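# let me see the structure of the following:
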Amino acid sequence: MKALALTAALVLAACSGPAPETRGDASMTSAGATETTTRPEKVVAEPTRDLSGRWIGVEGMVLDVTPAGEPGQFRLAMQWDLDHKGVFDARAVGDTIVFTRDGVREILRPTNGDATGLKYLAGKTDCLTVKTGEGYCRRGSTR
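Okay, here's the model as predicted:
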């Protein structure tokens, strides 16, 4: 009889499969079921280092990064070539800053001057690059 009860318990345990993953935000209902609330994942996070301040490019290019509102939110004031300048709302995603300029999603990535593709910034060590030919470095950031 004990063997039969033990066998039945093992069969039931094997058929039940692995326990579902639970998160710390689950709560028990009156019927004993678990109710889980869904929260959107947070994609905005503070960059691992402070990117705020003035960044200088070439031929009048300049970028001012200012914290705006909640952590991970920024305001970018930039002159990205001789004829174009603007102010953009941006957000941190990992160690990058994402913004939309002229309907195009752009990403500021921490790099060095060589990665900007700009001869004047070559050798600099603390830079932000949008794309080859558009980069900004902090003053005095040399090897």
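# quick one, strands of the protein?
26-28, 34-36, 53-56, 62-67, 73-79, 85-93, 96-101, 104-111, 127-131, 134-137 (DSSP state E).
# so what secondary structure elements neighbour the last one?
Put plainly, it is strand 134-137. Contacts defined by 3 or more Cβ pairs under 8 Å, 6 or more residues apart in numbering; DSSP states H and E place strand 134-137 against strand 53-56, helix 113-116, strand 127-131. Quick note: C-beta positions are derived from backbone N, CA and C, even for glycine.
# and with 10 Å instead?
strand 53-56, strand 62-67, strand 73-79, strand 104-111, helix 113-116, strand 127-131 (3 or more Cβ pairs under 10 Å, 6 or more residues apart in numbering; DSSP states H and E).
# which of the strands of the chain sits most buried?
strand 134-137 (a mean of 26; mean count of other Cβ atoms under 10 Å).
# mean confidence score for that strand?
What strand 134-137 shows for mean pLDDT is 97.
# ok, back up a step: which one, of the helices and strands packed on strand 134-137, ends up nearest to R91?
strand 73-79 (5.7 Å; Cβ to Cβ).
# hmm, who's touching that closest one?
Residues outside strand 73-79 that contact it (Cβ atoms under 10 Å, 6 or more residues apart in numbering): 44, 46-47, 51-52, 54-55, 57, 59-69, 84-92, 97-99, 101, 106, 108, 128, 130, 134, 136.
# where are the low-confidence patches of this protein?
1-48, 141-143 (pLDDT under 70).
# same thing but at 50, please
4, 10-12, 16-25, 27, 34, 36-44 (pLDDT under 50).
# got a markdown table for the helices and strands packed on strand 134-137, with distance to G140 too?
Listed next are these as a markdown table, based on distance: least, Cβ to Cβ, whole Å:
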| stretch | distance to G140 |
| --- | --- |
| strand 53-56 | 10 |
| strand 62-67 | 16 |
| strand 73-79 | 20 |
| strand 104-111 | 16 |
| helix 113-116 | 12 |
| strand 127-131 | 12 |
